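Q: got a predicted model here, sequence first, then my questions.
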Amino acid sequence: MPLAPFLPFIYQVLSPTFPGCLWAGSATSPAIALSFDDGPHPQHTPQLLEVLDHYQIPASFFWLGVCVNHSPEIARATYQRGHWLGLHGYTHRSFPRLSALELKQSLEQTQIAIAHACQLEMSYVQQQIRDVRPPNGLFTPQTLTYLRQWNYRPVMWSVVPEDWVQPGVEVVIQRVLQQTCNGSVIVLHDGHHGGVNVAAIAAQIVPRLLQAGYRFVTVDQLWQQRQL
């Protein structure tokens, strides 16, 4: 059964229930965040970066550590362009299925992979790359307690067009355009599942959202809005 019709309602229920997560930015600001999960990918991510370069907009990437280790040069190119980096776990395993030790190691291994690929000091990565998006959007209150204890910031979403099931480029585009509003956090995928169309989708939605008056910012900038 497609999840896409239900995801906006799930967001409306969960976002006030778990306010410690970043679900969206301010409803009074046209700032929106475009984010991508499951990368970096050796083919899909470079194609996506070309689109982002063309429109000179920042995005936020939530990476799998194993993919960073497989494509370190793509990871480095993404970082050097000024995009914001977050963690998606070392492999795509739902966090509630992991023990506390396994979860901690998964996040730390991903930070290590990013430090090596992007040629960064580990201390810098630990301080700056601490946004975490749970795979499949699955977490428990205990998961959030662990992340808070370990100084990570949980990031969720408000616009999820279910691109990973590849319903068609036009379907994904229409879902994004219909659901996006002030403060939206849009999640697409540049990994093995859904990434084949990600550049084509971005090339369509970015200019149309810009034309609609939205301004692209990073997830970090949305966190900063919350502190004002």
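A: Everything's here; your move. Numbers count the residues shown, from 1 in each chain.
Q: Tyr90 belongs to a strand?
A: No - checked against DSSP: H, G, I helix; E, B strand; the rest coil, Tyr90 lies outside a strand; its state is coil.
Q: give the contact list for it.
A: Counting by C-beta atoms under 8 Å, 6 or more residues apart in numbering, Tyr90 touches 64-66, 105-107, 109-110, 113. Just so you know, the C-beta spots here come from the backbone N, C-alpha and C atoms, and that holds for glycine as well.
Q: can you say which of those residues are buried?
A: The neighbour-count criterion (16 or more other C-beta atoms under 10 Å) marks 64-65, 106-107, 109-110, 113 among these as buried.
Q: just send the residues you listed back as a markdown table, with distance to Gln43 and pLDDT too.
A: A markdown table is the format used below for these (distance: C-beta to C-beta, whole Å; pLDDT from 0 to 100):
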| residue | distance to Gln43 | pLDDT |
| --- | --- | --- |
| Leu64 | 16 | 98 |
| Gly65 | 19 | 98 |
| Ser106 | 25 | 98 |
| Leu107 | 26 | 98 |
| Gln109 | 24 | 98 |
| Thr110 | 21 | 98 |
| Ala113 | 19 | 98 |
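Q: distance from the longest strand anywhere in the chain to the middle of the chain?
A: Across the chain, the longest stretch assigned as strand under DSSP state E is strand 31-39. A distance of 4 Å separates the C-alpha centroid of strand 31-39 from that of its chain, computed with C-alpha atoms, centre = their mean, to the nearest Å.
Q: partners of it, with directions?
A: strand 60-63 (parallel), strand 185-189 (parallel), strand 215-217 (parallel) (DSSP bridges).
Q: in TSV, list those strands along with mean neighbour count and distance to Pro161.
A: Compiled in TSV, the strands paired with strand 31-39 are given as follows (neighbours: other C-beta atoms under 10 Å; distance: least, C-beta to C-beta, whole Å):
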stretch	mean neighbour count	distance to Pro161
strand 60-63	28	16
strand 185-189	25	7
strand 215-217	19	17
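Q: wait, which of the ones you listed is closest to Leu52?
A: Among those, strand 215-217 comes nearest to Leu52, with 9.0 Å by C-beta to C-beta.
Q: thinking again about what came up before, select, out of the strands paired with strand 31-39, the one closest to Val125.
A: The nearest among these, by C-beta to C-beta, is strand 60-63 at 11.7 Å.
Q: which residues does the closest one contact?
A: The contact list for strand 60-63 (C-beta under 8 Å, 6+ apart) reads 33-40, 75, 78, 83-88, 110, 113-114, 131-133, 155, 190, 218-220.
Q: next one: stretch 206-223 to chain centre, how far?
A: The answer for stretch 206-223 is 14 Å, by C-alpha atoms, centre = their mean.
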